[in-house]
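Asker: After the sequence you'll find the predicted model.
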Amino acid sequence: AMWLVLIFQNSLGAQIDSMSRSERKAEERRQKEAAKAEEKMLKTFEKNYKSLQERHYKNQQTGREKNLIVPEGSNARTTRRSKNHEKSNVRKRMRRSQQKARRHRDGRTVSWWRRLSLRRSWKKH
């Protein structure tokens, strides 16, 4: 297939040499327009593909998973949507909860057997 293209281009080149200036310009313009149209087609295809991909991931993932998998090429819409889920201060939150847990554990000044015996003493009266 490659050599066919080469032969075609060579014959075109031979034709261009025998063309007048206006014909040559028209041919160049035609080629440019064809290239532009092809590029536009590719762009629209890529755009459609990306939106499909994003929709697919949006439907697949839930909650926290949404910020694990990000479709290739970020979109303002999806980034805004995933902003609700992503938590940047995870370390801080973990540290805080650990401290709180420690505080609660330290807060028990009365041992469990003391507490139980105290409750049983209440029942007697």
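Answerer: Cool, got the structure.

Asker: shaky segments in the chain?
Answerer: 1-17, 61-88, 103-108, 125 (pLDDT under 70).

Asker: From L42, how far off is R30?
Answerer: 19 Å (Cβ to Cβ, to the nearest Å). Backbone N, C-alpha and C define where each C-beta goes, glycine included.

Asker: Check the secondary structure at K100 for me.
Answerer: helix (DSSP: H, G, I helix; E, B strand; the rest coil).

Asker: For burial, what's the neighbour tally of it?
Answerer: 10 (other Cβ atoms under 10 Å).

Asker: Okay, it and T109: tell me how far apart.
Answerer: From K100 across to T109, the span is 17 Å (Cβ to Cβ).

Asker: count of residues packed around E27?
Answerer: Considering only other Cβ under 10 Å, E27 is surrounded by 14 other residues.

Asker: secondary structure element for it?
Answerer: Under the criterion of DSSP states H and E, E27 resides in helix 21-60.

Asker: List the buried residues of that helix.
Answerer: Using 16 or more other Cβ atoms under 10 Å as the test for burial, helix 21-60 gives K50, E54, Y57.
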